[in-house]
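Colleague: give me a model of this one.
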Amino acid sequence: MHQASTRLMRMTTDGRPFTQDYKDLFSTLIVSLPLSTHRTHFRSHSFSFTTEEALINLRYLKLTHSTRSPDAKDPSKIVVTTSTTTFSMAPDVAKSLCQWFILSHFIESVSEKNLTIFKDKAIWKLTPKGITILSRFVKRNGVDISIVNDLLASRYNTMQLVIIERDAKTDMILQDPFMTEVIFRYFIGSKPNFVSSNISDSADDYIDGCVGVRIIEQKYLESSKYCFNGLSAFLWLMRCCTTMTYGEAIDIATIFVNYNLIVRENTDLLSKSDNFKFSSSKNDIYMLTEKGLSISGWNNLDTSLNAPPSKQKFFSIGNGRKKQSNTKNVQFRALQKVDANSSILQKENLYDAAANLLNNETNHKRLFTILKDPALRFQFRVFLQENYCEENLSFYLESIEFFQLAEHATNSVSIHEALTKAYGKKYVFNCLYVVDSLIEMYNAFLVEGSPCELNLDYILRQSLADFMTTIILSDEETMKKTLDSVVDLFSKAQKQIFRLMARDSVPKFLQSATQPKNNNQPQKITRPSLSTHPIPQIS
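Modeller: Reported below is the predicted structural model:
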């Protein structure tokens, strides 16, 4: 069976493709490139590409994915399912898109680190952030290309990226107070990242995401022990998070200012409105407030803060690479003990997790609470990733979006029933769009041997396999029946995965988040009120 469909990418209000489409487009481009070694200024740069190669491939970009499964009618035969994703664009659009990739810190010039223009006849390479985006795409889609595998297994794959939650409808970053606290803890680091004020800021300062923003060595400033400049903060937010634009990084930093986590030095010289605007200039110095210091957890550190932070190596998708770390368990920064008087969430947010995540409720209700709140969902995903079962959460969240697409396609018939002839093509397009998403999810999560294969019972797995090998898309009515059937099957799969996470993952997650301290007292964790934000798509 072969499935190919065409659809327009969703666009944000600032003219950028939605983050998931944007990252998929970038990754599809990279896997299509030769990524060979290029020489410039008497130096060799491996896994690089030229401007011309990128522009040529972007004009007619195609990703073909094939899966093999037993024939439902004759198990001795093999059915090959092939799905093809195609992107096409004009030359000027291709060049603009590459410009976006630079501004998102996905790629950079091999010779000019600070170059922000996609120049002709230049040589480019992936940043650690871009490699991490690529690695997640490769894992999900089962891409097996030797040069890509070599890149992911190389010393360049170092980033532990912070995946920021977004609104599924607008693609805007969720400005949830507790999620802001989570990002701030990663931003500031588990301990101060002291550097000399004489060292200039560089994108290379943040290649692994394991350390926080560069803290300026204290010499002249007396108002705070912990200071950093605006450029350092901007570079960290762009290099170590899934921020896509300059504006998103500035918005996050501005929230830090508005929540009184950081404050600019010499605010007396600023106008009242400027006090709440973040500046990315290296000449603007920001310092940690008492509230920010309390949330950082640095108050409990010993006095040897000036020692350079130890380097940690994290696992990647590359062949044979495993996580190496001098810490055995993940530190859930957003679930540590916080001073109730200085926390962002000041209203009944501290409680004993060992006894109280929604006291006396079932693990199913606890999981619903985790999935509803962006910050808890973020921490839960980190936990699942460390335990090699992130695909469960990914499938659950992506199936929600799939159900919404299927409902929209089905409802389009009822809305325009009196104008069937006029709206028939639109209905077919909607159905093909949904079926395309269906096949993509099936290849990623459900087919036997898929890269993110789920642990479903045999009967349901066989029912899905039988259905997928007999899909018929001959007319609109058949498409409608197909959607009804597949929604029912995927709903059963989603419920199984939900029960699996509630039974196996939630208790371990809570236990891991409340490890006892030296005084044998369980840590307290910060619980947000139930968020009204919709559950976004997985990043």
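Colleague: with just CA atoms, put stretch 233-247 into CSV.
Modeller: Output in CSV follows, covering the C-alpha atoms of stretch 233-247 (Å, rounded to 0.1, in the frame of the first residue of the first chain):
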residue,chain,number,x,y,z
ALA,A,233,20.5,35.0,28.8
PHE,A,234,19.3,35.3,25.2
LEU,A,235,21.9,32.8,23.9
TRP,A,236,20.9,30.2,26.6
LEU,A,237,17.2,30.5,25.8
MET,A,238,17.8,30.2,22.1
ARG,A,239,20.5,27.4,22.2
CYS,A,240,19.1,25.2,25.0
CYS,A,241,15.3,25.4,24.5
THR,A,242,12.9,24.8,21.7
THR,A,243,12.4,28.5,21.2
MET,A,244,12.0,29.2,17.5
THR,A,245,12.4,33.0,17.2
TYR,A,246,14.1,35.9,18.8
GLY,A,247,10.8,37.2,20.1
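Colleague: average pLDDT across it?
Modeller: On average, the pLDDT along stretch 233-247 is 95.
Colleague: which residues does that stretch contact?
Modeller: 14, 16, 19, 22, 100, 103-105, 127-129, 133, 159-164, 173, 183, 186-187, 201-203, 205-207, 209, 212-214, 249-250, 252-253, 278, 280, 286, 539 (CB atoms under 8 Å, 6 or more residues apart in numbering). Where you see a C-beta, it was placed from the backbone N, CA and C, and this is true even at glycine.
Colleague: what's the answer for stretch 138-147, then?
Modeller: 27, 31, 34-36, 47, 63, 65, 67, 137, 148, 152, 317, 394, 443-444, 450-452.
Colleague: for residue 497, give its distance to residue 505.
Modeller: 10 Å (CB to CB, to the nearest Å).
Colleague: oh, I was asking about residue 27
Modeller: Distance from residue 27 to residue 505, by CB to CB: 27 Å.
Colleague: ok, those two, which is more surrounded?
Modeller: residue 27 (23 against 20; other CB atoms under 10 Å).
Colleague: report the residue ranges of every domain in this structure.
Modeller: Per automatic domain parsing, the structural domains of the chain span 2-152, 177-300, 331-539.
Colleague: these: lowest mean pLDDT?
Modeller: Mean pLDDT per stretch puts domain 331-539 lowest among those, at a mean of 68.
Colleague: hang on, the earlier thing: make a ChimeraX selection of whichever of the contacts of stretch 233-247 turn out to be buried.
Modeller: Entered in ChimeraX, the line below selects the buried ones among the contacts of stretch 233-247, by 16 or more other CB atoms under 10 Å:
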select :16,19,22,100,104,105,127,128,129,133,159,160,161,162,164,173,183,186,187,201,203,205,206,207,209,212,213,214,249,250,252,253,278,280,286,539
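Colleague: which ones among the contacts of stretch 233-247 are found in helices?
Modeller: 19, 22, 100, 103, 128-129, 133, 183, 186-187, 249-250, 252-253 (DSSP state H).
Colleague: how about these in JSON lines, adding distance to residue 121?
Modeller: Output for those, formatted as JSON lines (distance: CB to CB, whole Å):
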{"residue": "19", "distance to residue 121": "30"}
{"residue": "22", "distance to residue 121": "26"}
{"residue": "100", "distance to residue 121": "20"}
{"residue": "103", "distance to residue 121": "20"}
{"residue": "128", "distance to residue 121": "25"}
{"residue": "129", "distance to residue 121": "25"}
{"residue": "133", "distance to residue 121": "26"}
{"residue": "183", "distance to residue 121": "38"}
{"residue": "186", "distance to residue 121": "38"}
{"residue": "187", "distance to residue 121": "37"}
{"residue": "249", "distance to residue 121": "30"}
{"residue": "250", "distance to residue 121": "32"}
{"residue": "252", "distance to residue 121": "35"}
{"residue": "253", "distance to residue 121": "35"}
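Colleague: tell me which of those is nearest to residue 509?
Modeller: Taking CB to CB as the measure, residue 509 sits nearest to residue 186 out of the ones in helices among the contacts of stretch 233-247, at 18.4 Å.
Colleague: which ones are touching the closest residue in space to the closest one that isn't next to it in sequence?
Modeller: Counting by CB to CB, 6 or more residues apart in numbering, residue 186 lies nearest to residue 162, which is 5.1 Å off, once chain neighbours are set aside. Counting by CB under 8 Å, 6+ apart, residue 162 makes contact with 183, 186, 209, 240-242.
Colleague: can you add distance to residue 486 and give those residues back as a markdown table?
Modeller: What follows is these, written out as a markdown table (distance: CB to CB, whole Å):
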| residue | distance to residue 486 |
| --- | --- |
| 183 | 37 |
| 186 | 38 |
| 209 | 38 |
| 240 | 38 |
| 241 | 35 |
| 242 | 30 |
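Colleague: ok, of these, which one's closest to residue 485?
Modeller: The shortest gap between residue 485 and any of those belongs to residue 242, at 35.0 Å (CB to CB).
Colleague: what distance do you get for the closest residue to that closest one other than its chain neighbours to residue 103?
Modeller: Nearest non-adjacent residue to residue 242, counting by CB to CB, 6+ apart: residue 164, 4.9 Å away. Distance of residue 164 to residue 103, given as CB to CB: 17 Å.
Colleague: what sits in contact with each of residue 497 and residue 505?
Modeller: Residues touching both residue 497 and residue 505 by CB under 8 Å, 6+ apart: residue 392.
Colleague: so which residues of the stretch 201-350 of the chain form helices?
Modeller: 230-240, 246-258, 290-296 (DSSP state H, counting those that start in this stretch).
Colleague: next, count neighbours for residue 480.
Modeller: 15.
Colleague: list the buried residues in the strand or helix carrying it.
Modeller: For residue 480, the host element (DSSP states H and E) is helix 476-500. Using 16+ other CB under 10 Å as the test for burial, helix 476-500 gives 479, 482-483, 486-487, 489-490, 492-494, 496-498, 500.
Colleague: ok, now stretch 169-187?
Modeller: Buried residues in stretch 169-187 (16+ other CB under 10 Å): 171, 173-174, 176-187.
Colleague: show the end-to-end separation of that stretch, please.
Modeller: 27 Å (CA to CA, to the nearest Å).
Colleague: can you check stretch 47-61 too?
Modeller: For stretch 47-61, the end-to-end distance is 19 Å (CA to CA).
Colleague: how about stretch 139-149?
Modeller: Termini of stretch 139-149 sit 11 Å apart (CA to CA).
Colleague: who are the contact partners of residue 296?
Modeller: Contact partners of residue 296, counting by CB under 8 Å, 6+ apart, are 184-185, 188-189, 288.
Colleague: mind putting these in CSV, distance to residue 144 included?
Modeller: Below are these laid out as CSV (distance: CB to CB, whole Å):
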residue, distance to residue 144
184, 39
185, 37
188, 39
189, 36
288, 46
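Colleague: residue 54: which of these is nearest?
Modeller: Of those, the one sitting nearest to residue 54 (CB to CB) turns out to be residue 189, at 34.4 Å.
Colleague: got a list of what the residue nearest to that closest one when sequence neighbours are not counted touches?
Modeller: Closest residue to residue 189 in three dimensions, ignoring its sequence neighbours and counting by CB to CB, 6+ apart: residue 212, at 2.2 Å. Each residue near residue 212 by CB under 8 Å, 6+ apart is listed here: 186-193, 236.
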